[in-house]
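Enquirer: Please find the sequence and the predicted model below.
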Amino acid sequence: MQRRQLFQMAAAAGLAWTTVGRTAFAATAAPGGQVLPGNKRLVVVFLRGAVDGLSVVVPYSEGAYYRQRSSIALARPGQDGGVLDLDGHFGLNPNLAPLMPLWQSGKLAFVHASGSPDPTRSHFDAQDYMESGTPGRKGTPDGWLNRLLGAEPPVVVQAGAHAGVTRGISVGATLPRIWAGPNPVANIANGARATKPTLLDRPQVSKAFDSLYSGDDAMSRAYRESQQSRAEVNEAMSPAAHEQMVADNGAPLPNGFPDDAGRLAQLMRRDPNVQLAFLALGGWDTHVNQGGAKGQLANRLQPLGQGLAELATRLGPAFDDTTILVISEFGRTMRQNGTGGTDHGHGNVMWALGGNIAGGKVYGRWPGIDPSALNEGRDLAVTTDFRQVLAGVCMRNLGLPDSKLASVFPGFDSVPLDIART
Amino acid sequence: MSLPTALPMTRRGALAAAVAALAWRPTFAAEDAGQAEALHVLNRLAFGPAPGDLDRVTQMGVHAWIAEQLHPERLALPAFLADQLSTLRTPNETQRQMVDQYREMAREAKAAKQAETASPDGSKAATAEGAERRRQVAAITVEAGEERLLQALSSPRQLQEVLVDFWFNHFNVYQGKGLVRVLVESYEREAIRPHVLGRFRSMLGATAKHPAMLFYLDNWLSAAPGYQPRRGTAKVSGLNENYAREVMELHTLGVDGGYTQQDVTELARILTGWTLVQQESRRRRFGQGMDATASGRGDSIFAFDPARHDNGTKTWLGRSVPPNGQLEGEFALDVLANHPATAKHISFKLARRFVADEPAPALVDRLARRFTDSGGDLRAVMQALVESPEFRDPRPVKFKTPYQYAMSSVRATGIATTNVKPLMAVLSQLGQPLYGCQTPDGWHDTEADWLNPNAITQRVNFATALASGKLPLQRVDDPNAPAGNGLKAMERQADRAMARDEAAEGSTPPVDAATLLATLGPAISDKTRAAVTAAQPALRAALVLGSPDFMRR
């Protein structure tokens, strides 16, 4: 079934892609149904600004939640604007309703009270630590996704095909800290610009510039990586391929995250080289008038939920081998502040979606939210190191060998959390 | 460029520096060496050379040029620039007028949306007044960009413009957050620009009290715990620690400056009552608690509201701060401005901007001492910086930010820009939208932050479009253009310019490669010059601006 779909897609995409696609497919689906690690994919979605995890996965059964959030608490299930019950204790923010089918089919999990062992409440230090994968250590030169690129076995492609330029794909005009390091990463612009033709796509222009960027310096390498990845992306996102995807999936998506997520899904589905992908989404620093079922946070969560659901849908069969992680640098204060918002806190919730996630479950030891249980008297405590979740996904969902773990998360010596479907 | 000299930083220091400039010039190969020095200071202290700049700076000597740049008030704006700036309306509007316009627009938009929901066929109840107001608010955004970019491109006060970029970014506010949209122009003009070569404490105070910052980092709402607003509808009832944290982490001490969470909370208490008042009637009600000298301009809507202020004693940075109204906050800003951690933090950022991604600790220490000894005199710090041997190292080790790349490209072409919208769009494409950094830390400033595959492609596309005259930098806009002529439309226009061959209306003539090479002199290597010569004529100027050489400064 999967094989047939893939071949149909390949036919629509044209001959060049077919060569790469078939070969990759043949290489990754080994005899006997055993799947090689090269087939496994990871998408990391970073919510910059510290999303309020207590409004995402809500401990609605606890009175302490309502007592400490008089005007921004979300109502209990069944009430107007109430949360969607997950397990009798936690409920999902109703603005994330598009994700409920994934929860019900066991492909969505959460790890609550997770976060960094480092106590910082600086957005920028905390993001830095979560991207370097080394909390408390500022000197780490590279990011964990780049180190993972170096450790992951690549997809096998035929000689002459582009081997690995797009193994790591970042959406956005700049490459964030999480990708820093020696392994090449391609980045594509946000929005429709990602696949629009440019002057540099013209042979006479590129030929002239090729000669200027022929060296072994960082700029020349970046230039060549960009040219190669554009060739790959253009192939996978050809107008014919795009029309096919639209026909498969209906209307174009709204601008912003849903649109970017949909485009990334299409690219990942059509270009089997892509193994690791990253998107970031800002606007979560809700110090003022955060709102509840409606309001500022709700307005941010809606497109996020929609985009994640689209990503899952449009990945098609590839979703079975893909893990989507949603992370944010820290959580927010348990008590709402004096201006209807929340200030910088500590523990948060991590989200994991994917066909190979043992979902339908909120993982993690719940420390409670009574004032006596709070970190420094104000925040949700951290009971799961964010690296336990990342390491678990890398090993169990992506097939990272045990021996390589220390190279991806140096200094990490806790037990990885296993949230994979067996 | 060697010969480090430690000069006294007195008024006589500037003179001595000018004299010393002659001393650092080698006596042989004077022309080449002079051009190299001139290029270096134009790259670091200006947005690169415009036509004729290399010769002019070489002739007057780099130190005389630097001395001039350190006193921008002595440099007259050329008539064409002054004329362009004089057509802008926004600088003449008061903070209150701009805020009123925005509020009115928001109110109308809400009413229109409600009418749309209520109407059976969902039709929009758009009014002519609403469209006109949206157009005016959009125009404020564009005018802020014009005021900034026209000066960056054409002002002879280049160091001032470089510093406006630096300090706005240091005290960043994000245009996309509500009221900031209409206040960003005023913020830059009143709170940043006058202070970039003045006292750090003045700029810190001006930003702390500007409504753009008060709104952006939420301090305008922060109040003593348990505060009961006069009107029951307001949601304010206590502290918001957003600004208190960021003013220490980002504006002054730095994240490792030695403060704790308790210090954040206590500073938030100290700053309660620093707010903005939109109606004159309410402002009068505040009565004697208000600080009449809060702003240099009579139209500031900053106000200190004693009713919101927490009158308890605070324990902050190891001191006890007794209740003293607004003066508590002034005291706190004094402490922060004079703190050694602030001197170090600011010095590091300046050294990173003007010298190297990882500046030598000795340089940072020297600048920090100068900062402290001079009482935070930013002109003195800049003088110490330009006289340092580290600054004089002429290697182009800094990778240009998109802003620096775009400004230096247009300057090098000598195009007399009248329409900056395509450049605003290009900055968005390159990942550095003007006034568009959402987070308070501002844009980062190293090669690792900006060099990536997509960046090179986008820069080459921009260079090609610019050099072949496809960007409508001289288009005259229809004053009655619809309100939708905003940033998104500009971006689509620039996308098209970078994808097609034909020139748009208002485009400029193709750039002449030989003139461009003369303008840039030693910035362009022999290797690149050879490639330029070998290329077809239509692409030569594009290759110069899109070359690896031109990506660095």
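Expert: Perfect, I can see it now. Numbering: from 1, shown residues only, chains lettered A, B, ... in the order given.
Enquirer: May I see the buried residues of stretch A:63-78?
Expert: Using 16 or more other Cβ atoms under 10 Å in any protein chain shown as the test for burial, stretch A:63-78 gives A:64-65, A:68-69, A:72-75, A:77. Quick note: C-beta positions are derived from backbone N, CA and C, even for glycine.
Enquirer: Serialize the residues you listed to CSV and add fields for secondary structure.
Expert: Converted to CSV, the buried residues of stretch A:63-78 look like this (DSSP: H, G, I helix; E, B strand; the rest coil):
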residue, secondary structure
A:64, helix
A:65, helix
A:68, helix
A:69, coil
A:72, coil
A:73, coil
A:74, coil
A:75, coil
A:77, coil
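Enquirer: of the residues you listed, closest to chain B?
Expert: residue A:72 (9.7 Å; Cβ to the nearest Cβ).
Enquirer: ok so, going back, of all the buried residues of stretch A:63-78, which comes closest to residue B:267?
Expert: Residue B:267 lies nearest to residue A:68 out of the buried residues of stretch A:63-78, by Cβ to Cβ, at 23.4 Å.
Enquirer: Can you show me the helices along the stretch 351-500 of chain B?
Expert: With helices called from DSSP state H, counting those that start in this stretch, the stretch 351-500 of chain B shows them at B:361-373, B:378-386, B:389-392, B:402-413, B:421-429, B:447-450, B:453-467, B:487-497.
Enquirer: meant to ask about chain A
Expert: A:2-13, A:15-28, A:63-68, A:100-104, A:123-132, A:144-151, A:203-212, A:218-236, A:239-249, A:257-270, A:296-315, A:386-392, A:405-408 (DSSP state H).
Enquirer: Using CSV, lay out the ones you listed together with distance to residue B:302 and mean pLDDT.
Expert: Shown next, in CSV, are the helices of chain A (distance: least, Cβ to Cβ, whole Å; pLDDT from 0 to 100):
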stretch, distance to residue B:302, mean pLDDT
helix A:2-13, 60, 38
helix A:15-28, 60, 31
helix A:63-68, 33, 97
helix A:100-104, 47, 98
helix A:123-132, 26, 97
helix A:144-151, 44, 92
helix A:203-212, 51, 93
helix A:218-236, 45, 89
helix A:239-249, 51, 65
helix A:257-270, 36, 91
helix A:296-315, 25, 96
helix A:386-392, 41, 98
helix A:405-408, 50, 94
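Enquirer: about what we covered before: please identify which of the helices of the stretch 351-500 of chain B is closest to chain A.
Expert: Nearest of the helices of the stretch 351-500 of chain B (Cβ to the nearest Cβ): helix B:453-467, 3.4 Å.
Enquirer: Select, from the buried residues of stretch A:63-78, the two members most distant in space.
Expert: A:68 and A:77 (19.6 Å).
Enquirer: which stretch among the helices of chain A comes nearest chain B?
Expert: Once the helices of chain A are compared by Cβ to the nearest Cβ, helix A:218-236 is nearest, at 3.4 Å.
Enquirer: which residues of chain B score low on pLDDT?
Expert: B:1-30, B:116-127, B:231-236, B:278-298, B:476-490, B:500-505 (pLDDT under 70).
Enquirer: Look up the closest residue to residue B:160, ignoring the ones flanking it.
Expert: The shortest distance from residue B:160 to any non-neighbouring residue, by Cβ to Cβ, 6 or more residues apart in numbering or on different chains, is to residue B:72 (4.1 Å).
Enquirer: what's that neighbour in contact with, if anything?
Expert: By Cβ atoms under 8 Å, 6 or more residues apart in numbering or on different chains, residue B:72 lies in contact with B:157, B:159-160, B:197.
Enquirer: Looking at stretch A:333-342 now, give me its mean pLDDT.
Expert: Mean pLDDT, computed over stretch A:333-342, is 96.
Enquirer: Where does the stretch 201-350 of chain B get nearest to chain A, which residue?
Expert: Counting by Cβ to the nearest Cβ, the stretch 201-350 of chain B gets nearest chain A through residue B:238, at 2.2 Å.
Enquirer: next one: the stretch 401-550 of chain B
Expert: Using Cβ to the nearest Cβ, residue B:431 is the residue of the stretch 401-550 of chain B that sits closest to chain A, at 2.9 Å.
Enquirer: what's the spacing between whatever residue of the stretch 201-350 of chain A ends up closest to chain B and residue B:238?
Expert: Residue of the stretch 201-350 of chain A nearest chain B, by Cβ to the nearest Cβ: residue A:338 (2.2 Å). Residue A:338 sits 2 Å away from residue B:238, taking Cβ to Cβ, to the nearest Å as the criterion.
Enquirer: who has more neighbours, the two?
Expert: residue A:338 (25 against 21; other Cβ atoms under 10 Å in any protein chain shown).
Enquirer: my guess is the more buried one meets residue B:242, correct?
Expert: No: at 11.2 Å, residue A:338 does not count as touching residue B:242 under the criterion of Cβ atoms under 8 Å.
Enquirer: Near chain B, which residues of the stretch 301-422 of chain A are found?
Expert: A:337-341, A:343-344, A:376 (Cβ under 8 Å from any Cβ of the partner chain).
Enquirer: For the nearest residue to residue B:414 once chain neighbours are set aside, which three-state class applies?
Expert: Spatial nearest neighbour of residue B:414, chain neighbours left out: residue B:51 (4.2 Å); criterion: Cβ to Cβ, 6+ apart. Here residue B:51 takes the coil state, with states given by three-state DSSP.
Enquirer: Now do the contacts for residue B:51.
Expert: Applying Cβ under 8 Å, 6+ apart, the residues near residue B:51 are B:412, B:414, B:515, B:518-519.
Enquirer: quick revisit: what's the burial count for the residue of the stretch 401-550 of chain B closest to chain A?
Expert: 23.
Enquirer: wait, it sits on residue A:174?
Expert: Yes: using Cβ under 8 Å, residue B:431 is in contact with residue A:174, at 4.6 Å.
Enquirer: what's the overlap in contacts for these two?
Expert: With Cβ under 8 Å, 6+ apart, residue B:431 and residue A:174 have common neighbours B:450, B:455.
Enquirer: Spatially nearest residue to residue B:210, not counting backbone neighbours?
Expert: Residue B:210's closest residue in space is residue B:191 (Cβ to Cβ, 6+ apart), at 4.3 Å.
Enquirer: Then residue A:170?
Expert: Nearest to residue A:170 is residue A:187, by Cβ to Cβ, 6+ apart, at 4.2 Å.
Enquirer: Is the most centrally placed residue in chain A bridged to anything, and to what?
Expert: Nearest to the geometric centre of chain A sits residue A:44, at 2.1 Å (Cα atoms, centre = their mean). When assigned by DSSP bridges, residue A:44 has beta-bridge partners residue A:278, residue A:325.
Enquirer: In contact with it, which residues are there?
Expert: Counting by Cβ under 8 Å, 6+ apart, residue A:44 makes contact with A:145, A:178, A:276-279, A:324-325, A:327.
Enquirer: Recalculate using a threshold of 7 Å.
Expert: A:145, A:278, A:325, A:327 (Cβ atoms under 7 Å, 6 or more residues apart in numbering or on different chains).
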